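In: A structural model of the following input is requested.
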Amino acid sequence: MPEQDEPQLTYEDAVRIRREAEQLDRQLARIVVEAKDGGRRAVDIARDLRYTEGRMHQIIRKYKAQQEK
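Out: The predicted structure is shown next:
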């Protein structure tokens, strides 16, 4: 199968993507917990977000512990 050319990103694209990545980092735990509470399995969330299942469980535990304080 031939490789598809990756899009050629611009500097402006890189700036936008980095800002969005920072927003995602700040909101990831909430997003993961909402997905889990909504019925998604941790293994599926991990696969979709390209994390390990163990990392998903860490994120969920940490978020829930912070919410209990």
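In: Show me the helices in this structure, by range?
Out: Using DSSP state H, the helices of the chain run over 11-37, 42-49, 53-68.
In: Check the burial of Leu28 by counting its neighbours.
Out: Leu28 has 14 neighbouring residues, counting by other CB atoms under 10 Å. Quick note: C-beta positions are derived from backbone N, CA and C, even for glycine.
In: Hmm, Gln58 and it touching each other?
Out: No - in this structure, Leu28 is not within contact of Gln58 by CB atoms under 8 Å, at 11.5 Å.
In: buried stuff in the worst-scoring helix or strand of the chain on mean pLDDT?
Out: Taking mean pLDDT, DSSP states H and E as the measure, the chain has helix 53-68 as its least confident helix or strand, at a mean of 94. Within helix 53-68, the residues scored as buried using 16 or more other CB atoms under 10 Å are 56, 59-60, 63.
In: Mind giving me the packing neighbours of that helix?
Out: Using 3 or more CB pairs under 8 Å, 6 or more residues apart in numbering; DSSP states H and E, the elements in contact with helix 53-68 are helix 11-37, helix 42-49.
In: just how off-centre is the first one within its chain?
Out: Translated: helix 11-37. Centroid displacement of helix 11-37 relative to its chain, using CA atoms, centre = their mean, to the nearest Å, is 7 Å.
In: Kindly report the same for stretch 38-49.
Out: What separates the centre of stretch 38-49 from the centre of its chain is 10 Å, taken as CA atoms, centre = their mean.
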